[in-house]
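K.L.:
kindly return the folded structure for what I paste below:
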Amino acid sequence: MVVLDIGTVKLPPTGEEETVFMQLELPLKALPWVADRFTQYYSGARLGGAMLKWDEVIDGEHIYIIYSFGSTAPDKPGLTLANFSRESHLQLSTQSQELSMSDEMFLDEGMLKTWQELAERYNNGTL
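P.N.:
Below is the predicted model:
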């Protein structure tokens, strides 16, 4: 499974903004686990700023979800999903692949429902 994102980064030393395309690759078998963690997080009481972390090795790949206060902007809480088994494709990064998503994206823009529907299709063998 591949998740694509578009964003901007500030380039050192000038601070000039550049548009970047990000990619997160996950084994399809990770889809139900990820959707379950997202559902668990957004179904219960969320403690702002509390350390939250899930990690699991699925199909030989280390998948990680963590709470991040500045997920998509300094004042936007949310979750970061990462695959530590795959290197980032960004020229500016030597880190693993990751995707940060705000609470707003999950709750107001329908991302939680999308993850749940994809996991259901995977579990039913229709994906």
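
K.L.:
Leu24: what's it in contact with?
P.N.:
Val2, Val3, Asp5, Leu81, Ala82, Asn83, Gln97, Glu98, Leu99 (Cβ atoms under 8 Å, 6 or more residues apart in numbering). (C-beta placed from N, C-alpha, C; glycine too.)

K.L.:
count of neighbours near the closest residue to the third one other than its chain neighbours?
P.N.:
What sits nearest to Asp5 in space, not counting adjacent residues and going by Cβ to Cβ, 6 or more residues apart in numbering, is Met22, at 4.4 Å. Met22 sits with 18 neighbouring residues when counted by other Cβ atoms under 10 Å.

K.L.:
so Met22 is in which element?
P.N.:
strand 16-25 (DSSP states H and E).

K.L.:
sort out which residues of the next helix or strand along the chain from that strand are buried, please.
P.N.:
Proceeding N to C from strand 16-25, the next assigned helix or strand is helix 30-43, under DSSP H and E. For helix 30-43, burial by neighbour count (16 or more other Cβ atoms under 10 Å) applies to Ala30, Leu31, Pro32, Trp33, Val34, Ala35, Arg37, Phe38, Thr39, Tyr41.

K.L.:
distance of the third one from Asn123?
P.N.:
This points to Pro32. With distances taken as Cβ to Cβ, to the nearest Å, Pro32 is found 6 Å from Asn123.

K.L.:
again with the second one
P.N.:
With distances taken as Cβ to Cβ, Leu31 is found 9 Å from Asn123.

K.L.:
any low-confidence regions in the protein?
P.N.:
For the chain, the stretches with pLDDT under 70 are 7, 46-51, 70-74, 90-94.

K.L.:
one more time with 90, if that's ok
P.N.:
1-24, 40-53, 66-80, 86-107, 127 (pLDDT under 90).

K.L.:
so how far is Gly125 from the residue most central in space within it?
P.N.:
Taking Cα atoms, centre = their mean, the centroid of the chain lies closest to Leu81, which sits 3.0 Å from it. According to Cβ to Cβ, Leu81 and Gly125 sit 24 Å apart.
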